[in-house]
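> Here is my input, please return the structure:
(2 chains)
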Amino acid sequence: MTLREVRDILQAEILCGQDNLEWEVEFGGASDLMSDVLAFGQPGLLLLTGLANVQSVRTASIIEARALVYVRGKKPNQESIELAARKGLPLLSTRFMMFIACGLLYKNGLKGLVTPPASG
Amino acid sequence: MGSDDVFTQTFEVAGGDFHKAGRVSIEIKETLQELGISPAVIRRTAIATYEAEMNIVMYAAQGTLHLALSPEAIVIEVFDRGPGIPDIDMAMREGYSTATREMQEMGFGAGMGLPNMKKNSDVFEIISAVGQGTRLRMVFHLGGRTAEA
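You can find the predicted model right below:
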């Protein structure tokens, strides 16, 4: 699925990364907890979150997420958007709630991350 | 710091400054990318360093993060002047956390930090004294993993 398709499915606004809409994403994950994203995130992840602070951008950058989608109409501040633009991390914002945003993407073929092993 | 280090850098991290939290780790990641380190090693180093930096911001008054690169490995050493960890075995358990509500609102403090640092590093050493602070040493072998999590 391309970021353009993600944008269309979620009726999302592009906050930065307008030139990268042909990038492909194969799998997504959703969390407001950056601790979990750091523990379980994989490179190339499409990250959906309701946490619209600068840590969401830094965390996505550290784990090498492909793009970041803010749900519930959230948007980070301008400094965060500029940081994401510098790091080549497209940011999208959708009005859908987290569950519906994930459901729409999943229904349209975006895979999820497999469950991590039970032992740490 | 060893005598065969080819690159070293020291960063100060201010406790409680959530706005800047993570900047040092992003800078270290960019430095390692410029130095041509393999992406998989950079990723592990960046994740563990970010967790360590967040721990300073969340729990300590002030901390120092030292990066040393030798031909064989990246070594990250972290010293903080914080409350110390009374029970390291407990703190190493996934899900154990003493985080405040403010930390959790920032998306952190889920009790995953120390286990995740251990998981991503090849050598993980921690010494802590209550009332004094915590010292961490993490080694990331450039040639790939020697100890799988």
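> Give me the contact status of stretch A:55-65 with chain B.
Yes: Stretch A:55-65 lies within reach of chain B by C-beta under 8 Å from any C-beta of the partner chain, at A:Q55, A:S56, A:R58, A:T59, A:S61, A:I62, A:I63, A:E64. For every residue, glycine as well, the C-beta is placed using N, CA and C.
> contact partners of that stretch?
With contacts defined as C-beta atoms under 8 Å, 6 or more residues apart in numbering or on different chains, stretch A:55-65 is touched by A:34, A:37-38, A:41-47, A:49, A:68, A:70, A:76, A:80, A:83-84, A:87, A:89, A:91, B:18, B:21-23, B:25-26, B:29, B:43, B:46-47, B:50, B:106-108.
> In strands, which of those appear?
The strands, defined by DSSP state E, take in A:L46, A:L47, A:T49, A:L68, A:Y70, A:L91 from the contacts of stretch A:55-65.
> What pLDDT does the model give residue 57?
Using chain A. If you check A:V57, the pLDDT there is 97.
> You answered for a different chain; I wanted chain B.
So, for B:V57, pLDDT stands at 94.
> where's B:I47 relative to B:G22, distance?
In this view, B:I47 and B:G22 are 11 Å apart by C-beta to C-beta, to the nearest Å.
> who's in contact with A:L83?
A:V54, A:V57, A:R58, A:S61.
> and what of B:Y50?
Here B:Y50 is in contact with A:L38, A:R58, A:T59, A:I62, B:G22, B:S25 (C-beta under 8 Å, 6+ apart).
> Next secondary structure after the worst-scoring helix or strand of chain B on mean pLDDT?
Averaged element by element with mean pLDDT, DSSP states H and E, chain B has its least confident helix or strand at helix B:101-105 (a mean of 87). Using DSSP states H and E, the helix or strand that follows helix B:101-105 in sequence is helix B:113-120.
> so, in contact with chain A or not, that next one?
Yes: applying C-beta under 8 Å from any C-beta, one finds helix B:113-120 in contact with chain A at B:G113, B:P115, B:N116, B:K119.
> And for stretch B:82-98?
Yes: shown here: stretch B:82-98 in contact with chain A (C-beta under 8 Å from any C-beta) through B:E94.
> Just give me how far that stretch sits from the chain centre.
15 Å (C-alpha atoms, centre = their mean, to the nearest Å).
> near chain A, which residues of chain B?
B:18-19, B:21-23, B:25-26, B:29, B:43, B:46-47, B:50-51, B:94, B:106-113, B:115-116, B:119, B:149.
> give me the low-pLDDT residue ranges for the chain?
Went with chain A since none was named. A:115-120 (pLDDT under 70).
> I was after chain B.
By pLDDT under 70, the low-scoring segments of chain B are B:1-3, B:146-149.
> run the last query once more with 90
Scanning chain B for pLDDT under 90 picks out B:1-6, B:82, B:95, B:101-106, B:109-112, B:143-149.
> between the lengthiest helix in it and helix B:113-120, how big is the angle?
When chain B is parsed with DSSP state H, its longest helix is helix B:39-59. On the basis of axes from the mean of the first three to the mean of the last three C-alpha atoms, to 10 degrees, helix B:39-59 is oriented at 160 degrees to helix B:113-120.
> next SSE after helix B:39-59?
Using DSSP H and E, the helix or strand that follows helix B:39-59 in sequence is strand B:62-69.
> That next one pairs with which strands?
In the sheet, strand B:62-69 lines up against strand B:7-14 (antiparallel), strand B:73-81 (antiparallel) (DSSP bridges).
> Name all residues that make contact with residue 10.
Using chain A. With C-beta under 8 Å, 6+ apart, A:L10 has these contacts: A:V69, A:L92, A:T94, A:F96, A:A101, A:L104, A:L105.
> Sorry, I should have been clearer: chain B.
B:T64, B:L65, B:H66, B:L67.
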